[in-house]
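Novice: What follows is a predicted protein model with its sequence.
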Amino acid sequence: MSDPKPLLFALYEQASVGCGGAPSLWTHPADERLAANTFDFWSNQARIADQANLDMFFFADVLGFYDVYGGNVEAAVKWAVEAPANDPLMIIPGLAAVTKNLAFGATITTSYEHPFTHARRLSTLDHMTNGRIGWNIVTSYLSSAARNFGLDEMLKHGDRYERAEEFMDVVYKLWEGSWADDAVVADKQGRAYARGDRVKPINHVGEHYRVAGPHLAAPSAQRTPVLIQAGWSGRGREFAAKHAELVFIAKSNPQEIRQGLEEIWSMAQARGRARDDVKSLTVLRIVTAKTEIEAQRKYEVLQSNYHLEAQLVSYAGDTGIDLSRYSDNEALTNHTEGLTSYMMRPDGSGKPLTAGDVRQRFANVTRGTDLILVGTPQQVADRIEEHARVSGTSGYMLNPLTSPGTLEDFVELVVPELQKRGLYRTTPPQGTFRSRLRSDGASRLPDCAYGASFRQHLQQ
């Protein structure tokens, strides 16, 4: 039997006081998230992650307040639910400067960004970090965000993905096709930085975008950043099979994760991709201490600083269901398109949840479907090992319950146990972000990737 392969590990964060894991836990006495507007808060976590050889520091993001609960922003502001939200792209360059090997992932929407400026921004980040950048592709789901960008309502689920597909075509043309591989000569004596005949416009004309080009930035180490995607719906899985190199999974059941991944891998293979081209990170929360009693005590302190209303504000923003308007015995009736699973009982009966069911589901820190492990470092490592074996996930995204406490506990207590099992790297990750994910160590998209098809578009 071959030796176990180290799993991937990343830190999930948001540039806000309230992180998405349990938004009210900034009230915990040991939590330091009230310093989220300072660089010291972020640089401290990045240094810990870098020194511990984590693979990625990941930033989720939103572009509007969670204003569904109660019909206004009051509860969201009170509990700092994924708010106030700073721009992670303004933080990452500083973190890259104080770290050596840590990669960074940033959530950026295709719904409200423009592909031309987006492509230049990420090429710049890829240059400045020596290829340590990944892009989490999202289509946005908050109606408040739509209103912030001049729309009366959020785009329909299918329309968001159609727009995203054209967005991807444009950025691939800019990143992969606009500058030929031999365009940059950087010849001082010949007085030529690049060959003009090898830098071409893209002349994209589509339903949503018209972009002439050429790309304003020269090719970076990766050209296209590592592509991350979190959609788990049928349409989301199709998108992942076509584009994603890392799939972000917010589920706990290992059989359900395996089933979803097998579907994505099968669709990816039908497109000529290899199974190994699509890796995954499952959201993980831990509460750990040297003894079971201490770990349980930690959990109880977390629970005493956990507030249901804050979680229901988050739930309302995710689903469009305002539980402040429901009594416990009322069945859920309204929902955001594409999120009907939030309304149905998990027992497969087809019956709708009541508001009381939801309040009970979110009554404690375990919050429903997410993976949370409570126990000694050995127990946590055992469960990670078993979960990874059954689910087939490539690794885990550590979602902190307290910051930086969760990360510190993971690094100090759990990492040594994972290393004993061969499940955590013992040497720093080297090279570009993509080169660490690919079996051949290459920094560019593989030839079988959809994005790679645009290389020939302008280089003949």
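Specialist: Cool, the structure landed. Numbering: from 1, shown residues only.
Novice: How about the contacts made by the residue nearest to T406 when sequence neighbours are not counted?
Specialist: For T406, ignoring the flanking residues on the chain, the nearest one in space by C-beta to C-beta, 6 or more residues apart in numbering is P400 at 3.7 Å. For the C-beta atoms, the positions are set from N, CA and C on the backbone; glycine is no exception. By C-beta atoms under 8 Å, 6 or more residues apart in numbering, the contact list for P400 reads 11-13, 19, 21, 285, 406-407.
Novice: Restricted to strands, list those residues.
Specialist: In strands, judged by DSSP state E, the following of the contacts of P400 are found: 11-13, 285.
Novice: Closest one to P254 out of those, please.
Specialist: R285 (15.6 Å; C-beta to C-beta).
Novice: Any idea how many residues pack against the closest one?
Specialist: As a burial measure, R285 scores 24 neighbours (other C-beta atoms under 10 Å).
Novice: do the same with R455
Specialist: The number of residues packed near R455 is 21, by other C-beta under 10 Å.
Novice: which residues does the closest residue to it other than its chain neighbours contact?
Specialist: Leaving aside its chain neighbours, R455 sits nearest to E176 (5.0 Å; criterion: C-beta to C-beta, 6+ apart). Counting by C-beta under 8 Å, 6+ apart, E176 makes contact with 223-224, 445, 451-452, 454-455.
Novice: and the gap between L63 and S178?
Specialist: Distance, L63 to S178, using C-beta to C-beta, to the nearest Å: 28 Å.
Novice: Just want to know which of those two has more residues nearby.
Specialist: More crowded of L63 and S178, by other C-beta under 10 Å: S178, with 27 against 20.
Novice: ok, the spatially closest residue to that one that is not a sequence neighbour - contacts?
Specialist: Excluding the flanking residues, the one nearest S178 by C-beta to C-beta, 6+ apart is H215, at 3.9 Å. By C-beta under 8 Å, 6+ apart, the contact set of H215 is 119-120, 123, 174-175, 178-179, 202.
Novice: and H215, what are its phi and psi?
Specialist: The phi/psi pair for H215 (degrees, to the nearest 10) reads phi -60, psi 130.
Novice: Where do the strands of the stretch 301-450 of the chain begin and end?
Specialist: Ranges of strands in the stretch 301-450 of the chain, per DSSP state E, counting those that start in this stretch, are 371-375, 395-398.
Novice: ok, and which of the ones you listed has the densest surroundings?
Specialist: Each of those was scored by mean neighbour count; the highest is strand 395-398, a mean of 26, by mean count of other C-beta atoms under 10 Å.
Novice: In PDB, list the C-alpha atoms belonging to that strand.
Specialist: The C-alpha trace of strand 395-398 is given here as PDB (Å, rounded to 0.1, in the frame of the first residue of the first chain):
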ATOM      1  CA  GLY A 395      -8.300  18.800   1.400                       C
ATOM      2  CA  TYR A 396      -9.900  21.200   3.800                       C
ATOM      3  CA  MET A 397     -10.700  24.900   4.100                       C
ATOM      4  CA  LEU A 398     -10.400  25.800   7.800                       C
END
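Novice: list the contacts for the residue lying closest to L371 once chain neighbours are set aside?
Specialist: Spatially, and ignoring its direct neighbours in sequence, L371 is nearest to S252 (3.9 Å; C-beta to C-beta, 6+ apart). The neighbours of S252, taking C-beta under 8 Å, 6+ apart as the test, are 282, 369-372.
Novice: Just put the residues you listed in a markdown table and tack on pLDDT and distance to Y315.
Specialist: Listed next are these as a markdown table, based on pLDDT from 0 to 100; distance: C-beta to C-beta, whole Å:
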| residue | pLDDT | distance to Y315 |
| --- | --- | --- |
| T282 | 97 | 21 |
| T369 | 59 | 12 |
| D370 | 71 | 12 |
| L371 | 89 | 18 |
| I372 | 93 | 17 |
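Novice: Nothing else from me, thank you.
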